[in-house]
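Peer 1: Show me the folded form of this:
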Amino acid sequence: MSSTFVLVSRPDLPRPTFEALLAQAAESGPVPAGSVLPVAESSGRLVCRIQLDTDESTLREQVEQFAAAQFARGYLAADDVCLAVVPAAITEASRLLLVMDVDSTLIRQEVIELLAAHAGREAEVAEVTEAAMRGELDFAQSLVQRVATLEGLEDRVLGEVLERIEFSPGARELVARFHAAGHLVAVVSGGFQQILDPLAAELGLDHALANTLGIVDGVLDGTVHGKIVDRSTKQEMLHSWAAAHGIPVSATIAAGDGANDLDMLNTAGLGVAYNAKPALREQAAVKLDFPALDVIADLVLER
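Peer 2: Numbers count the residues shown, from 1 in each chain. Purely as a prediction, here's the structure:
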């Protein structure tokens, strides 16, 4: 079965550099000599999509070897270009489901750290968050530990934190492009539902799930109510939402940045590590190392 080799440049990468990379791919990489290499533009980026009669696993191995060779010789940096092998199950699907992490993926910040700043515990919480995202700590246990630092905060701080949230570059465009093409976009987060709900409504997301902060009489009680959204929950929700819409798991895309997202990315038809921690980046099929979330649309959607 054919697969599609996709190359997307960072914004403003010189076109001659991109075209030289394509020529190198045809000369000593995964692209057959003499192939037509069409280059399109997308939000300041250069995009080339090449359908090849090579099975997915073989092509992915070839692309990884090609990328490693280019980076090793110093011709390109990892954050100059995103290279991906997109399986036919995605390119030929009538409907896709994209499931993303929220903190440091859909949005630029880590919400727990913004909340902890109000309690004077930001540095302490940030250190625990980093360790959890590197996979060094159990996520659920670390979340309980971090949320406990919020005990006693008035719930008005949620509104103040919400005002500070910034979507990642390209997030709005990504959702809009998926919806315009008739596809679905969902998020599942180890963050908090009280913050996520307004963000999901603003973007018109199809599904959104996060943890619920305990609040009693207008004050955070330092606990999470209900089941904690952790690594396994993210994987479960990808399965559940896909099934609810009659979409095969092979036609799903998952994106995230931390170890907590690993099972979800490995389960999806295509997993994208977005500016990710090493624990996730090293195992992800696609590595997106520059801040342009809508590159995901470049990978799987025709303009």
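Peer 1: For the chain, list the residue farthest from the centre, please.
Peer 2: In the chain, Asp217 marks the outermost C-alpha relative to the chain mean, sitting 36.0 Å out by C-alpha atoms, centre = their mean.
Peer 1: so how far is Leu150 from that one?
Peer 2: Distance, Asp217 to Leu150, by C-beta to C-beta, to the nearest Å: 15 Å. From N, CA and C alone the C-beta is placed, and that goes for glycine too.
Peer 1: What of Ala242?
Peer 2: Ala242 sits 33 Å away from Leu150, going by C-beta to C-beta.
Peer 1: what do you get for Lys234?
Peer 2: The value you get for Lys234 to Leu150, if C-beta to C-beta is used, is 22 Å.
Peer 1: between these two, which one's more packed in?
Peer 2: Lys234 (27 against 23; other C-beta atoms under 10 Å).
Peer 1: ok, that one - contacts?
Peer 2: Lys234 makes contacts with 99, 101, 188, 256, 260-261, 263-264, as judged by C-beta atoms under 8 Å, 6 or more residues apart in numbering.
Peer 1: where do the strands sit along the stretch 1-150 of the chain?
Peer 2: 3-9, 40-42, 45-52, 81-87, 97-100 (DSSP state E, counting those that start in this stretch).
Peer 1: By average pLDDT, which secondary structure element in this protein comes out worst?
Peer 2: Least confident helix or strand of the chain, by mean pLDDT, DSSP states H and E, is helix 122-133 with a mean of 80.
Peer 1: other SSEs contacting that helix?
Peer 2: helix 111-118, helix 139-148 (3 or more C-beta pairs under 8 Å, 6 or more residues apart in numbering; DSSP states H and E).
Peer 1: looking at these, which is buried most?
Peer 2: helix 111-118 (a mean of 22; mean count of other C-beta atoms under 10 Å).
Peer 1: Who are the contact partners of Asp83?
Peer 2: Heads up, residue 83 is Leu, not Asp. Contacts for Leu83 (C-beta under 8 Å, 6+ apart) come out as 5-7, 63, 66-67, 286.
Peer 1: which two from those residues end up farthest apart in space?
Peer 2: The span of the contacts of Leu83, defined through C-beta to C-beta, is set by Phe66 and Val286 at 14.4 Å.
Peer 1: Comparing these two, which residue is more hemmed in?
Peer 2: Neighbour count, other C-beta under 10 Å: between Phe66 and Val286, Val286 has more, with 23 against 19.
Peer 1: Please work out which residues outside the least confident helix or strand of the chain touch it.
Peer 2: 104, 110, 112-113, 116, 137-139, 142-143, 145-146, 149, 257-260, 277, 279.
Peer 1: Can you pull the poorly scored residue ranges out of this protein?
Peer 2: 1 (pLDDT under 70).
Peer 1: where does the most centrally placed residue in the chain land in three-state SS?
Peer 2: For the chain, the residue lying nearest the average C-alpha position, counting by C-alpha atoms, centre = their mean, turns out to be Ala255 (2.5 Å). Here Ala255 is recorded as strand under DSSP: H, G, I helix; E, B strand; the rest coil.
Peer 1: and the residue nearest to it when sequence neighbours are not counted, how far is that from Pro248?
Peer 2: Leaving aside its chain neighbours, Ala255 sits nearest to Val272 (4.2 Å; criterion: C-beta to C-beta, 6 or more residues apart in numbering). Val272 sits at a distance of 18 Å from Pro248 (criterion: C-beta to C-beta).
Peer 1: before we move on, what about Ala20?
Peer 2: Counting by C-beta to C-beta, the gap from Ala20 to Pro248 is 38 Å.
Peer 1: Ala132 too?
Peer 2: Ala132 is 31 Å from Pro248, by C-beta to C-beta.
Peer 1: ok, the two, which is more surrounded?
Peer 2: Counted by other C-beta under 10 Å, Ala132 and Pro248 do not tie: Ala132 has more neighbours, with 24 against 13.
Peer 1: show me the contacts for the residue nearest to Ala255.
Peer 2: Val272 makes contacts with 84, 253-256, 265, 284-288, 296, 299, as judged by C-beta under 8 Å, 6+ apart.
Peer 1: how does it look with 6 Å?
Peer 2: By C-beta atoms under 6 Å, 6 or more residues apart in numbering, the contact set of Val272 is 255, 286, 288, 296.
Peer 1: Same check on Ala148?
Peer 2: Ala148 neighbours (C-beta under 6 Å, 6+ apart): Gly222.
Peer 1: One more: the one 3 residues further on?
Peer 2: Under the criterion of C-beta under 6 Å, 6+ apart, the neighbours of Glu151 are Gly222.
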